[in-house]
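Peer 1: my questions are about this predicted structure, shown below with the sequence.
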Amino acid sequence: MALGIEALSVYCLPPPRFLELAARLGAAHISTGLSGADFGQPDYRPWSLREDRALLADTRAALAATGVAIALGEGFALRPASDPAAWAQDLDLFAELGVPRINTVVFDPERNRARDRLGSLAEAAAARGLAVTLELPPTSVVGSLEAGLALLEELACPNLSLLLDTMHFARGGGDPQTLRAVAGRIGYVQLADSRRAPVGEDYLEEALYQRLPPGAGELPLAEILAALPATLPVSLEVPSRSWFGEAGGVEDWLAGALAAARRLLSSR
């Protein structure tokens, strides 16, 4: 399993800096959106690959110089007002950057509309040689493995698979033995640890700011990974406030998390 780092782990660091950081840490790939978001990290400034041609050029240069790939494109959440046709230029840009897949999540409560728009997004992505993964956070409309599999069966899009986030999967009641039977429908893995019980009442707060490196929590990560094909891309999604303001910052945090993830993967 090739090991990468997710954009949320660095709170949307601009892609050139993120690629260089990943290379220093020996990661194979990253995920990114096309613009930054405000997660309360004061060192970051707004950025956009859509509007800043110099930043886009720097990203292309960093991809070539570091050998680190962008394995997943973010920014395609399906909401009630979403129009997949409006994402054409974003899909084109990810394809031009050599990104093999994009990720989506469903926040549209009208299931049939969400299903149809997911199908439209998958079709538009396929026309550009892109795969699509569907993430299943418990806070979304499609928030379980069973619900995600049902959508895949209805749509029958060959480029559509599920993204398995280990924290979402475990907190949603997912069972590694059940996962083994449908492992072929998983296209990407986001790796994080957590406590089995919620830290507080706000799941989103924990998911965005209080995740743990592999082995620091209580999830059955070894069993989950053992149920999946060894060829799947695995990427650390371990966002935490714990490094904010620290001298070593995110680099020290991720170095420890990557070391823990490599120990876990080497034991498979």
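Peer 2: In hand now; what should we look at? Numbers count the residues shown, from 1 in each chain.

Peer 1: now do the helices in the protein.
Peer 2: Here the chain has its helices, by DSSP state H, at 15-25, 53-66, 88-96, 111-126, 145-155, 166-171, 176-181, 203-209, 221-226, 249-266.

Peer 1: other SSEs contacting the fifth one?
Peer 2: Secondary structure elements in contact with helix 145-155, counted by 3 or more Cβ pairs under 8 Å, 6 or more residues apart in numbering; DSSP states H and E, are helix 111-126, strand 131-135, strand 160-165. From N, CA and C alone the C-beta is placed, and that goes for glycine too.

Peer 1: what's the shortest one packed up against?
Peer 2: Going back to what we said before, that points to strand 131-135. Against strand 131-135 (3+ Cβ pairs under 8 Å, 6+ apart) you get strand 101-104, helix 111-126, helix 145-155, strand 160-165, strand 186-191.

Peer 1: and the helices and strands packed on helix 145-155 as JSON lines, adding mean pLDDT?
Peer 2: Listed next are the helices and strands packed on helix 145-155 as JSON lines, based on pLDDT from 0 to 100:
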{"stretch": "helix 111-126", "mean pLDDT": "97"}
{"stretch": "strand 131-135", "mean pLDDT": "98"}
{"stretch": "strand 160-165", "mean pLDDT": "98"}
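
Peer 1: could you count how many residues lie near L91?
Peer 2: Neighbour count of L91, defined by other Cβ atoms under 10 Å: 22.

Peer 1: quick one, what contacts it?
Peer 2: By Cβ atoms under 8 Å, 6 or more residues apart in numbering, the contact list for L91 reads 102, 124-125, 128, 130.

Peer 1: and P46, which of the helices of the chain is closest to it?
Peer 2: helix 53-66 (11.0 Å; Cβ to Cβ).

Peer 1: of the contacts of L91, grab the buried ones for ChimeraX.
Peer 2: In ChimeraX, this line selects whichever of the contacts of L91 come out buried by 16 or more other Cβ atoms under 10 Å:
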select :102,124,125,130
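
Peer 1: closest to A207 among the contacts of L91?
Peer 2: So of the contacts of L91, ranked by how close each gets to A207 (Cβ to Cβ), first place is I102, at 20.2 Å.

Peer 1: got any ranges where the stretch 51-200 of the chain has weak pLDDT?
Peer 2: Counting by pLDDT under 70, the stretch 51-200 of the chain contains no low-confidence range.

Peer 1: ok so, going back, relative to Y209, which of the helices and strands packed on helix 145-155 is closest?
Peer 2: Using Cβ to Cβ, the nearest of the helices and strands packed on helix 145-155 to Y209 is strand 160-165, at 15.4 Å.

Peer 1: so for E205, which of the helices and strands packed on strand 131-135 sits nearest?
Peer 2: strand 160-165 (16.0 Å).

Peer 1: near the residue lying closest to L121 once chain neighbours are set aside, how many other residues are there?
Peer 2: On the basis of Cβ to Cβ, 6 or more residues apart in numbering, the spatially nearest residue to L121 that is not a chain neighbour turns out to be P84, at 4.4 Å. Using other Cβ under 10 Å, P84 has 20 other residues around it.

Peer 1: OK, contacts around P84?
Peer 2: Taking Cβ under 8 Å, 6+ apart as the test, what P84 contacts is 117, 120-121, 124.

Peer 1: just among those, which is most surrounded?
Peer 2: L121 leads these on contacts (other Cβ under 10 Å) with 24 neighbours.

Peer 1: pretty sure it sits against V106.
Peer 2: No: if you go by Cβ atoms under 8 Å, L121 and V106 don't touch, sitting 10.6 Å apart.

Peer 1: find residues that contact each of the two.
Peer 2: L78.

Peer 1: mind listing what's buried in stretch 61-68?
Peer 2: Per 16+ other Cβ under 10 Å, stretch 61-68 contains these buried residues: 62-63, 66, 68.

Peer 1: likewise for stretch 174-191?
Peer 2: 174, 176, 179, 185-191.

Peer 1: equivalent analysis for stretch 192-199, please.
Peer 2: Using 16+ other Cβ under 10 Å as the test for burial, stretch 192-199 gives 192-195.
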